[in-house]
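K.L.:
fold the following, please.
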Amino acid sequence: MTSNNDFMKNAQQHLRQAEKKSKGGWLSKPEWFLAAAEYDNAANAFNMGGFYEKATECWAKSAEANNKDGNYYQAAMLYEKAANVLYKKLKDPVKAADYLQNASHYFRLKDSADRAAKALEMAGDMVSEIDPNEAAKLFIRSAHILKDENRGRLALETYYKVLSFLVLHSKKRDASELRDIIIDTCKQLGRENRNDTFIINKCYLSLIILALYSKDLKDAEQKLQEFEVEGRAGIGFNNNMSREYEAARKLFETYKNREADEFRQTLANTSVLIAYPSVAKLAGQIEVRAGGIPGDGPVPATTVGSVNSNYNPFKPISEDNDPVKSSTATNAVGGGVGGGPVGDEDDELL
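P.N.:
Numbering: from 1, shown residues only. Have a look, this model is predicted:
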């Protein structure tokens with residue numbers, strides 16, 4: 001039976017050969033292809049012997065040797081392999097995410113956009129529990145790659161996931177920039193699909209809901225006006241506006257007029273029209289202060305809950321991972337998630 005020491009000796013032999021091949025000599029150039037293979041052999045031996053840190057270091061060296069040999073795809077695959085060990089064995093998600101960003105870079109050099117985007121998505125998953133802001137950046141980069149490669153439908157789901165996170169944490173500047181990207185993406189998809197208005201209708205409905213969650217009536221009204229223009233341009237033979245537009249208009253009007261019961265009923269009827277789970281979740285937490293004129297002072301809130309500081313927007317929503325902690329008490333004005341987003345402006349994400 002092979003012992004750990006045997007694996008170590010075998011790995012060191014391959015490592016010496018790798019270093020020799022990567023240096024070359026007086027009359028010869030470095031043999032990067034052979035060096036890459038020897039670094040990979042060393043990494044595999046280290047890994048089998050349980051020397052995981054040394055294994056990841058050798059895979060990274062093999063990746064860079066492949067890069068110098070022009071073998072970008074293999075370089076990316078090796079960085080992915082090292083990242084997996086870093087994350088699972090060494091419990092180092094930060095360094096694993098760095099390696100996956102290297103993998104994404106090399107996948108793009110090899111014109112493998114899907115793999116490049118997936119690597120960034122994996123990196124975002126790895127750091128999401130310890131650094132949601134960094135996860136948001138990685139997810140946005142992943143979505144950008146998909147959008148650039150005419151895979152806008154896949155990009156949109158990620159864009160909305162990140163936008164909901166930005167809105168939840170009051171990152172207004174970043175949220176505004178991402179909204180513009182989302183609208184441009186939706187319009188582009190509509191043009192590519194013979195002016196299909198389905199995507200743009202879902203887009204504006206979601207953006208208006210998020211504006212209402214943010215208590216930003218000015219932005220909600222502006223988006224509703226834009227939605228009307230887009231809607232009238234795409235009206236069918238029956239001269240009726242879309243169901244999404246009518247729902248958005250009624251949500252805006254009942255929110256503005258503080259018609260709490262009507263708002264809740266409209267939202268219940270609208271739920272089937274909301275295409276993105278992250279948006280639907282925040283929609284259910286919009287607060288409408290019943291009666292009176294905005295600014296009149298404290299009135300009963302229509303939603304109940306408080307921010308769950310452990311909520312991870314990039315994991316499936318569950319009982320343990322919910323943006324809102326349930327409560328049986330009624331919120332006062334400005335309290336809880338219903339009172340609007342929480343947190344301060346942070347570093348720019350886009």
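K.L.:
just checking, residue 22 touches residue 29?
P.N.:
No - applying C-beta atoms under 8 Å, one finds residue 22 not in contact with residue 29, separated by 10.4 Å. All C-beta atoms are positioned from the backbone trio N, CA, C, and that covers glycine.
K.L.:
quick one: which of these two has more around it?
P.N.:
residue 22 (19 against 8; other C-beta atoms under 10 Å).
K.L.:
relative to residue 244, how far out is the more buried one?
P.N.:
59 Å (C-beta to C-beta, to the nearest Å).
K.L.:
try residue 230
P.N.:
10 Å.
K.L.:
who touches both of the two?
P.N.:
residue 204 (C-beta atoms under 8 Å, 6 or more residues apart in numbering).
K.L.:
pick out whichever of those two has more residues nearby.
P.N.:
Set residue 230 next to residue 244 and count neighbours by other C-beta under 10 Å: residue 244 wins out with 24 against 20.
K.L.:
now that one. Nearest residue, chain neighbours left out?
P.N.:
Nearest residue to residue 244 in three dimensions, chain neighbours excluded: residue 201, at 3.9 Å (C-beta to C-beta, 6 or more residues apart in numbering).
K.L.:
quick one, what contacts the one you found?
P.N.:
Going by C-beta under 8 Å, 6+ apart, the list of residues near residue 201 reads 227, 231, 242, 243, 244, 245.
K.L.:
does the fourth one touch residue 274 like I think?
P.N.:
What it means is residue 243. No - counting by C-beta under 8 Å, residue 243 stays clear of residue 274, with 11.6 Å between them.
K.L.:
compare those two and say which is more crowded by neighbours.
P.N.:
residue 274 (21 against 14).
K.L.:
check the more buried one and give its pLDDT.
P.N.:
We note a pLDDT of 86 for residue 274 in this prediction.
K.L.:
what's the closest non-adjacent residue to it?
P.N.:
Residue 274's closest residue in space is residue 280 (C-beta to C-beta, 6+ apart), at 4.4 Å.
K.L.:
and residue 85, which helix or strand is it part of?
P.N.:
Element membership for residue 85, per DSSP states H and E: helix 72-88.
K.L.:
quick check: buried residues in that helix?
P.N.:
72, 74-87 (16 or more other C-beta atoms under 10 Å).
K.L.:
other SSEs contacting that helix?
P.N.:
Where contact means 3 or more C-beta pairs under 8 Å, 6 or more residues apart in numbering; DSSP states H and E, helix 72-88 is packed against helix 32-48, helix 52-68, helix 93-109, helix 113-127.
K.L.:
wait, which of these is closest to residue 154?
P.N.:
Residue 154 lies closest, by C-beta to C-beta, to one member of the helices and strands packed on helix 72-88: helix 113-127, at 8.0 Å.
K.L.:
buried stuff in the closest one?
P.N.:
Neighbour-count burial for helix 113-127 [16+ other C-beta under 10 Å]: 113, 115-127.
K.L.:
state the pair within those that is farthest apart.
P.N.:
Spatial extent of these (C-beta to C-beta) is set by the pair 113 and 127 at 21.9 Å.
K.L.:
quick one: the strands in this protein?
P.N.:
Here the chain has its strands, by DSSP state E, at 306-307, 324-325.
K.L.:
lowest average confidence across those, which one?
P.N.:
strand 306-307 (a mean of 40).
K.L.:
not counting sequence-adjacent ones, nearest residue to residue 99?
P.N.:
Nearest residue to residue 99, sequence neighbours excluded (C-beta to C-beta, 6+ apart): residue 83, at 4.0 Å.
K.L.:
you'd agree that neighbour is up against residue 104?
P.N.:
No - with the criterion set as C-beta under 8 Å, residue 83 and residue 104 do not qualify as a contacting pair; they are 10.6 Å apart.
K.L.:
mutual contacts of those two, please.
P.N.:
Contacts common to residue 83 and residue 104, judged by C-beta under 8 Å, 6+ apart, are residue 123.
K.L.:
output the below-cut-off pLDDT ranges for this structure.
P.N.:
1, 194-196, 232-239, 290-350 (pLDDT under 70).
K.L.:
state the distance from residue 14 to residue 66.
P.N.:
Residue 14 sits at a distance of 16 Å from residue 66 (criterion: C-beta to C-beta).
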